[in-house]
Each structure stands twice: as C-alpha cells, then as structure tokens.
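Asker: sequence and predicted structure are below.
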Amino acid sequence: MDPRSLRDCCGSFATGVTVITTRTEEGDHGMTANAFMSVSLDPPLVSISLDRGTKMLDKIRASGAYAVSILAQDMHPHAMHFAGRPDASLEDLLEERGGMPVLRGAAAHIVAEVAQEVEAGDHILFIGRVVDLDRNAQAQPLLFHSGKFGRLAEA
C-alpha cells in the first residue's frame, strides 16, 4: 500500500482542525493536528494520534497531560503558526484552562490526563481522561479537506 495514496484517500474525510498543547518544565508547547477523536462518554475519554517522530511526543510523556483546542473558522493563521510556519503578528495566543495552555478564541477546549499510550504503526495514540472542557456554542469550526482549509456553508 502506497502511504501517499492512503493519505490522499483519508483526506477525502473532512475534519476539524485542532492545536494540541501541553506544559512541561521547559514551558508551553503546541502543534497543529487533525487526528483527534472522542473515544468514550463514560468514562469521558478522548484520543490524539501523534507521529513517532514528532517532538511533541516526549513533551506529552513528560507532562502526563494535554489540551485540545478546536479551532474556530477564523483561526487559519493559528493552524499554520503551530504547524511550523510561525507568524510574528500573532500575539497573546494562549490562556490557561485546567492547568494546561489552550488557544484563546478557539471554538472549544478539552483538557485530558494521559490514561493510556497505544502504539499504532508509525503513530502513538494518547488516550486521555477528560478533566476540563469548555465550548463557545456560537463559534463555527475551521475545517480541513483534501489538504485545504474550509468552513461550513451557510444553511
């Protein structure tokens, strides 16, 4: 199976866009990701999937916790900033929720303590027990489909 073909095929599935953050003794860390999902409502569990080669892997292991900021539709610059294309014009990006850094202005935030780490091919899944959350019900999500950002259509 060609990895690029699988990636392109999975890109046909529209997702939201998140920034995963954590806090260690070295400071706050974040990365853009769309591999996030709800796992269980009782107990409340979520999961993120990180490439084994990402620096964030060791940061979350050191912290034992992570936050998921679900980006609002106007946060495309934030997604790019945390995807390795820093934007100096973005200021005052983070606030704190449940002891973790989260993105100010996001559509929702979920803070989780790592409950389980699962090896899955070239990725590691961090299943986290939700310890805090909040949601802006008026915010529309930033979407990602076939390698491009998008937004919900007006109904």
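Answerer: Perfect, thanks for sending it. Numbering: from 1, shown residues only.

Asker: outside of the helix or strand hosting Leu133 itself, list whatever touches it.
Answerer: Under the criterion of DSSP states H and E, Leu133 resides in strand 123-135. Strand 123-135 is contacted from outside by 35, 39, 43-52, 57, 60, 65-66, 97-98, 107-118, using C-beta atoms under 8 Å, 6 or more residues apart in numbering. For every residue, glycine as well, the C-beta is placed using N, CA and C.

Asker: distance between that strand and the chain's centre?
Answerer: Distance, stretch centre to chain centre, for strand 123-135: 10 Å (C-alpha atoms, centre = their mean, to the nearest Å).

Asker: and if you look at stretch 118-129?
Answerer: Remark: stretch 118-129 is offset 14 Å from the chain centroid, using C-alpha atoms, centre = their mean.

Asker: sitting in helices, which of the contacts of strand 123-135 do you find?
Answerer: Among the contacts of strand 123-135, DSSP state H puts Leu57, Ile60 in helices.

Asker: filter the contacts of strand 123-135 down to the ones in strands?
Answerer: Secondary structure assignment (DSSP state E) places 39, 44-51, 65-66, 97, 108-118 from the contacts of strand 123-135 within strands.

Asker: buried subset of those residues as a ChimeraX selection?
Answerer: In ChimeraX syntax, the buried subset of the ones in strands among the contacts of strand 123-135 is picked out as below (16 or more other C-beta atoms under 10 Å):
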select :39,45,46,47,48,49,50,65,66,97,108,109,110,111,112,113,114,115
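
Asker: pretty sure Gly99 contacts Val111?
Answerer: Yes. Using C-beta atoms under 8 Å, Gly99 is in contact with Val111, at 7.3 Å.

Asker: and for these two, which residues touch both?
Answerer: Common contact partners of Gly99 and Val111 (C-beta under 8 Å, 6+ apart): Ala65.

Asker: who's in contact with stretch 31-51?
Answerer: The set of residues external to stretch 31-51 that reach it, using C-beta under 8 Å, 6+ apart, is 15-20, 54, 56-57, 60, 66, 68, 70, 79-80, 82-83, 110, 112, 115, 120, 122-130, 144.

Asker: pLDDT of it, averaged?
Answerer: When pLDDT is averaged over stretch 31-51, the result is 96.

Asker: how far does that stretch sit from its chain's centre?
Answerer: When distances are taken as C-alpha atoms, centre = their mean, stretch 31-51 is centred 8 Å away from the chain's centroid.

Asker: now do stretch 108-115
Answerer: 10 Å.
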